[in-house]
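>>> Just need the structure, nothing else, for what follows:
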Amino acid sequence: MNLRNSATTPILVLALWFLVPWRRRQRRRLEHEVSARTLNRFLILAPDGIGNQVLLLPLLAGLKETYSSAKVDVLFFEKVNLSVFGLSEAVEEVLLFPYSSRSLFSLFRYALGALRSRNYQVGIHTFHHPGIRYSLFLFFAGARYVIGANTWIKSAFDTHSYTTMEDEHEVTRHMRLVRNLDVTEPDRNAIVRHTGNPDRRDEILRSLDIKGGRPLLGMHPGCTETHKVKRWSTRRFAEAADRFIELTGGQAVVFVGPEELGVAGEIKRYMRYVPVVLSNSALESITTVMRRCSVFLSNDSGLMHLASAMGVPVVSLFGPTSPIKNAPRWGKRRVIYTQVPCSPCYSMSRKKTVCERGDLACMRAIGVGEVVLALKEVLKNGEQPPGFP
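Numbering: from 1, shown residues only. Have a look, this model is predicted:
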């Protein structure tokens, strides 16, 4: 339905006439509560991808730093294979939307029946192009202040709304959502908790035959099947790993998920040295092995962001996606991006699952020698070339 030309337009205009003064009053009230630091209940609507979750961690940690007594809950609308929010000390509870449909009836039923009694003060939806339903969902969940990305009509239902820009890093976008709450981006050490049982850690490393005292190259050669245009050649990953082992006397470990077992098989077949393959999707195993890595080589993926958040030096390979938006954010890092004329062709507003040229020129242009040199340099000093976050 075209809202701009439909018969419902007068009704919407009338609704907006009432909503604008309400929105102004709510903004004034929020300013007072921010100044008095009385906000203590937050509900965050979270995306499901690992990378999107990691890039949300600074917002969560920033909320907890600013409002130390606050309880911050995160809500998923779909079941996820891996949630990284267990790494965040800021998160009180992770909730899962219980219905398969996101119809207005299901949203309102859950909001009124399960969430309203929790007395949330602030609700934040972090999606790039949300519909009005998420603003209404948070409103009916009882949130006094609703914050999110701006689209035409829905912005009237948000206390604060911001226009999504294609030329800013995702963490920057998230932090803009909470700037009116006096929240600033925290230091990396505040984002991910560094706890764990040393005995359990040693047990995991021994079970994978990962040797102590030797450099360890972590690799994530995959990404979700629908985004496989972001993958560098498995043959080149294998060659880069072999050269790393020859240069350092170390080991290589391949991180793969359920959709990527075939990718790991190809790399084992191409490599002269036998790599360790970690296909366990348990967060404890992933983070234990990742912390042991000397450097992490990856396509643009969620595990790339997780390694960066954990302080592991990262070499990341970009082609169809923009490193301005998605580069690793923290620690020692190198971005390799050849920037062919048609790149970047992937954005949140026009997702590409195939290469329209048919040759993946942006990823094929990345050479093994360039990658090996980057691995050596990031281990040495980790300085980031200008132009990336």
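>>> Now do the nearest residue to Arg201 once chain neighbours are set aside against Ala282, distance only.
Leaving out its chain neighbours, the residue that sits closest to Arg201 by CB to CB, 6 or more residues apart in numbering is Thr288, at 5.0 Å. (Each C-beta comes from the backbone N, C-alpha and C, glycine too.) With distances taken as CB to CB, to the nearest Å, Thr288 is found 9 Å from Ala282.
>>> more crowded one of these two?
Thr288 (22 against 11; other CB atoms under 10 Å).
>>> residue nearest the centroid of the protein?
Centroid-nearest residue in the chain, with CA atoms, centre = their mean: Asn52, separated by 2.0 Å.
>>> Next, it: secondary structure please.
Of the three states, Asn52 takes helix under DSSP: H, G, I helix; E, B strand; the rest coil.
>>> Quick one: residues contacting it.
If a contact means CB atoms under 8 Å, 6 or more residues apart in numbering, then Asn52 has Ala46, Glu170, Gly302 as its contacts.
>>> can you list the residues you listed in a markdown table and add pLDDT?
Below are the contacts of Asn52 laid out as a markdown table (pLDDT from 0 to 100):
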| residue | pLDDT |
| --- | --- |
| Ala46 | 89 |
| Glu170 | 91 |
| Gly302 | 92 |
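>>> Output the residues you listed in a markdown table, with neighbour count appended to each entry.
Below are the contacts of Asn52 laid out as a markdown table (neighbours: other CB atoms under 10 Å):
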| residue | neighbour count |
| --- | --- |
| Ala46 | 25 |
| Glu170 | 22 |
| Gly302 | 21 |
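>>> Just the ones of those residues in helices?
Among the contacts of Asn52, DSSP state H puts Glu170, Gly302 in helices.
>>> All the strands of this structure, residue numbers only.
For the chain, applying DSSP state E gives strands covering 41-46, 71-76, 91-96, 122-125, 145-149, 160-162, 216-220, 251-255, 276-278, 295-299, 314-318, 333-337.
>>> Let's have the contacts of Asn52 in a markdown table, adding distance to Thr184.
Formatted as a markdown table, the contacts of Asn52 follow (distance: CB to CB, whole Å):
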| residue | distance to Thr184 |
| --- | --- |
| Ala46 | 21 |
| Glu170 | 16 |
| Gly302 | 25 |
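>>> ok, the contacts of Asn52 vs Ala36, which is closest?
Closest to Ala36 out of the contacts of Asn52 is Ala46 (27.5 Å), distances taken as CB to CB.
>>> Contact partners for the closest one?
Per CB under 8 Å, 6+ apart, neighbours of Ala46: Asn52, Gln53, Leu56, Val74, Leu75, Phe76, Phe85, Thr126.
>>> Residue ranges in this protein under the pLDDT threshold?
1-23, 129-131, 150-157, 194-196, 225-226, 347-353, 358, 381-389 (pLDDT under 70).
>>> Got the domain ranges for it?
Annotated domains of the chain cover 9-190, 198-380 [automatic domain parsing].
>>> Kindly compare burial across those and name the winner.
Among those, ranked by average contacts under mean count of other CB atoms under 10 Å, first place goes to domain 198-380 (a mean of 19).
>>> Distance across it, terminal residue to terminal residue?
28 Å (CA to CA, to the nearest Å).
>>> out of the strands of the chain, nearest to Leu261?
Closest to Leu261 of the strands of the chain, according to CB to CB: strand 276-278, at 8.5 Å.
>>> Direction included, what does the closest one pair against?
Strand 276-278 pairs in its sheet with strand 251-255 (parallel), by DSSP bridges.
>>> In this structure, what residue spans correspond to helices?
So, for the chain - with DSSP H - the helices run 9-36, 50-66, 104-110, 132-140, 170-177, 198-207, 234-248, 261-270, 283-292, 302-309, 323-326, 361-364, 368-380.
>>> My read is that Ile336 contacts Ile366, right?
Yes - assessed by CB atoms under 8 Å, Ile336 is found in contact with Ile366 at 5.6 Å.
>>> Which neighbours do the two have in common?
Leu317.
>>> Return the set of residues that bridge with Ile44.
Residues in beta-bridge contact with Ile44 (DSSP bridges): Val74, Ile124.
>>> separation between Ala241 and Leu208?
16 Å.
>>> With Val80 instead?
In terms of CB to CB, Val80 sits 24 Å off from Leu208.
>>> What of Ile245?
The gap separating Ile245 from Leu208 is 16 Å, by CB to CB.
>>> hang on, the earlier thing: so who does the residue nearest to Arg201 touch?
Listed by CB under 8 Å, 6+ apart, the contact set of Thr288 reads Gly196, Arg200, Arg201, Ile204, Leu205.
>>> now, which of these sits nearest Tyr162?
For the contacts of Thr288, the nearest to Tyr162 is Gly196 (36.6 Å; CB to CB).
>>> hang on, the earlier thing: quick one: the strands of the chain as a markdown table, columns for distance to Gln26 too.
Shown next, in a markdown table, are the strands of the chain (distance: least, CB to CB, whole Å):
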| stretch | distance to Gln26 |
| --- | --- |
| strand 41-46 | 16 |
| strand 71-76 | 20 |
| strand 91-96 | 24 |
| strand 122-125 | 11 |
| strand 145-149 | 6 |
| strand 160-162 | 9 |
| strand 216-220 | 43 |
| strand 251-255 | 45 |
| strand 276-278 | 48 |
| strand 295-299 | 42 |
| strand 314-318 | 40 |
| strand 333-337 | 40 |
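>>> closest to Arg28 out of those strands?
Nearest to Arg28, of all the strands of the chain, is strand 145-149, at 11.2 Å by CB to CB.
>>> Can you work out which other helices and strands pack against the closest one?
helix 9-36, strand 122-125, helix 132-140, strand 160-162, helix 170-177 (3 or more CB pairs under 8 Å, 6 or more residues apart in numbering; DSSP states H and E).
>>> Next, format the ones you listed as TSV and append distance to Arg292.
Shown next, in TSV, are the helices and strands packed on strand 145-149 (distance: least, CB to CB, whole Å):
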stretch	distance to Arg292
helix 9-36	41
strand 122-125	35
helix 132-140	39
strand 160-162	39
helix 170-177	26
